[in-house]
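Enquirer: Structure for this input, please:
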Amino acid sequence: MFLEFFIWGAWFVTMGTFLGMNLQASGAQTAAAFSTQSFGAIIAPFIIGLIADRYFNAERILGILHLSGAALMFLMFRSESFGVFYPAVFMYMILYMPTLALVNSVSFRQMSDPEKEFASVRVWGTIGWISAGLVISYLFHWDSVDGMARGFLKNTFLMASIASLILGLFSFTLPKTPPKAEKGSQVSISDILGLEALKLLKDKNYLVFFISSILICIPLAFYYQNANPFLAEIGVSDPTGKMTIGQVSEALFLLLLPVFFKRFGFKTTLLIGMIAWVIRYTLFAFGDAEGGLWMLIVGIALHGICYDFFFVSGQIYTDSKAGPKIQSAAQGMITLATYGIGMLIGFAIAGQVTDVYLNADGSHDWNSIWLIPAGIAILVVLFFLVLFKNEVLSKKTEPQPIKR
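Expert: Numbering: from 1, shown residues only. Model prediction:
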């Protein structure tokens, strides 16, 4: 689990900065590179549902995917143009996104009580992501002004390649996790994509939440694509290391989520999460690397509220509405809608906005760039506030700190 998320955190956070500084990529090209995550999320259910769940042990396909990913990551390290880089990152994300489900499958199948045991394993994923950022900023200084000027950011892909190679080989030593489904069993595209859960959209409240989930992914895409390049461009030291504050915050606010559910209810909790996006981007718009650095740090630290209070709460809400028969299908549908459709739209808009506010000297008008996702988040807040009617979740679906 540590290696799984160390690999992702080793390159994904700094990719926007690398593309702009090393490959002179435009905002639209950078958006296209980040959008590969969405394509991977859309295609992943087919790989899991049609192949991994029926023909191969989970630990073996996990190993094959990471070994293949190591080769693609090395190609990204050697890329000297966006034309060479993009096909490699596209293929890599097609292979990597299914591993997020596979590593969970291997974990769950070895546990007698996943609800109690999984948290102590999954937390190492968060530690892995944080460790990657700390290594980049404070051990190798690849994202320092001197490091970026000398092109050292490309070494993040080499580090990820080595970690992927290690995990690929290590995966074959994991406990055997054979497929549960019979090889000859029939599976429909509807089952794989969770389309049976579309019946939930007949519920007006859930429809409002579903649309809000897609729309709030637009501001989320701005953060993934622009946060690291923004911090680096305005002169914040060790930007990747400072961004790990967001992951620490995510872990802490997850523990507070049950308290907010109990005290304020589901609707208010979601609204707090969406309002946090507005505050975060407003702080980014007016903060700077000197006297306004505290605004940037607070904006980064709000990641826990932004993510946990909306996306994790949304997963819990979806589970409560679906019922046991279509629980898996419903989770698949909301994941496809957010990380697939929502993020694709978000990255496309973020790329265009970044190009529009590009100055003649190569810098950006970050104040204007960040106020746009802040404005979008305000509109989503108003949409959700007016149309969503508060509901009380049953006790069995209330969030527990161990579920992550």
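Enquirer: would Arg54 count as being in a helix?
Expert: No - counting by DSSP: H, G, I helix; E, B strand; the rest coil, Arg54 is located in no helix; its state is coil.
Enquirer: neighbours around it, how many?
Expert: 16 (other C-beta atoms under 10 Å). In this view, the C-beta of every residue, glycine as well, is placed from N, C-alpha and C.
Enquirer: swap in Leu100?
Expert: So Leu100, with other C-beta under 10 Å, has 16 neighbours.
Enquirer: Packing partners of the one helix or strand it maps to?
Expert: Element membership for Leu100 (DSSP states H and E) is helix 82-109. Counting by 3 or more C-beta pairs under 8 Å, 6 or more residues apart in numbering; DSSP states H and E, the packing neighbours recorded for helix 82-109 are helix 2-11, helix 15-22, helix 27-47, helix 58-78, helix 114-134.
Enquirer: would you list the ones you listed in CSV and tack on mean neighbour count, mean pLDDT and distance to Ser161?
Expert: Putting the helices and strands packed on helix 82-109 into CSV (neighbours: other C-beta atoms under 10 Å; pLDDT from 0 to 100; distance: least, C-beta to C-beta, whole Å) gives the following:
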stretch, mean neighbour count, mean pLDDT, distance to Ser161
helix 2-11, 24, 97, 9
helix 15-22, 24, 96, 14
helix 27-47, 21, 91, 17
helix 58-78, 21, 96, 4
helix 114-134, 18, 88, 13
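Enquirer: Output those in TSV; the columns should cover distance to Gly265.
Expert: What follows is the helices and strands packed on helix 82-109, written out as TSV (distance: least, C-beta to C-beta, whole Å):
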stretch	distance to Gly265
helix 2-11	32
helix 15-22	37
helix 27-47	30
helix 58-78	38
helix 114-134	24
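Enquirer: Kindly list the longest helix within the protein.
Expert: helix 204-233 (DSSP state H).
Enquirer: Now do the buried residues in that helix.
Expert: Judged by neighbour count using 16 or more other C-beta atoms under 10 Å, the buried positions of helix 204-233 are 205-206, 208-233.
Enquirer: same question for it, mean pLDDT?
Expert: Regarding helix 204-233, the rounded mean pLDDT is 96.
Enquirer: Now do Ala32 against Met76, distance only.
Expert: As judged by C-beta to C-beta, to the nearest Å, Ala32 and Met76 stand 14 Å apart.
Enquirer: Chain neighbours aside, what residue packs nearest to His25?
Expert: Careful, residue 25 is Ala; it's not His. In space, not counting the residues next to it along the chain, Ala25 is nearest to Leu19; the distance is 3.8 Å by C-beta to C-beta, 6 or more residues apart in numbering.
Enquirer: Kindly report the domain assignment for this protein.
Expert: The chain is divided into the following domains under automatic domain parsing: 1-179, 190-392.
Enquirer: Assign the residue lying closest to Ile234 once chain neighbours are set aside to helix, strand or coil.
Expert: Nearest non-adjacent residue to Ile234, counting by C-beta to C-beta, 6+ apart: Ala289, 5.0 Å away. Using three-state DSSP, the structure places Ala289 in coil.
Enquirer: Look at Ala289 and say how many residues are nearby.
Expert: Neighbours of Ala289 using other C-beta under 10 Å come to 15.
Enquirer: Gly342 now?
Expert: Using other C-beta under 10 Å, Gly342 has 22 neighbouring residues.
Enquirer: Equivalent analysis for Met91, please.
Expert: If you count neighbours by other C-beta under 10 Å, Met91 ends up with 17.
Enquirer: That one against Leu75, yeah?
Expert: No - judged on C-beta atoms under 8 Å, Met91 makes no contact with Leu75 at a distance of 9.0 Å.
Enquirer: How much space separates Ile369 from Ala44?
Expert: Using C-beta to C-beta, one gets 30 Å for the distance from Ile369 to Ala44.
Enquirer: I misspoke; the intended subject was Ala32.
Expert: Distance from Ala32 to Ala44, by C-beta to C-beta: 19 Å.
Enquirer: got it, and Ala251?
Expert: The gap separating Ala251 from Ala44 is 25 Å, by C-beta to C-beta.
Enquirer: wait, Met295 sits on Leu283?
Expert: Yes - here Met295 reaches Leu283: they are 4.3 Å apart, a contact under C-beta under 8 Å.
Enquirer: Look at these two and report which has more neighbours.
Expert: Using other C-beta under 10 Å as the criterion, Met295 and Leu283 rank with Leu283 on top: 21 against 17.
Enquirer: Can you list phi and psi of Leu358 for me?
Expert: phi -90, psi 120 (degrees, to the nearest 10).
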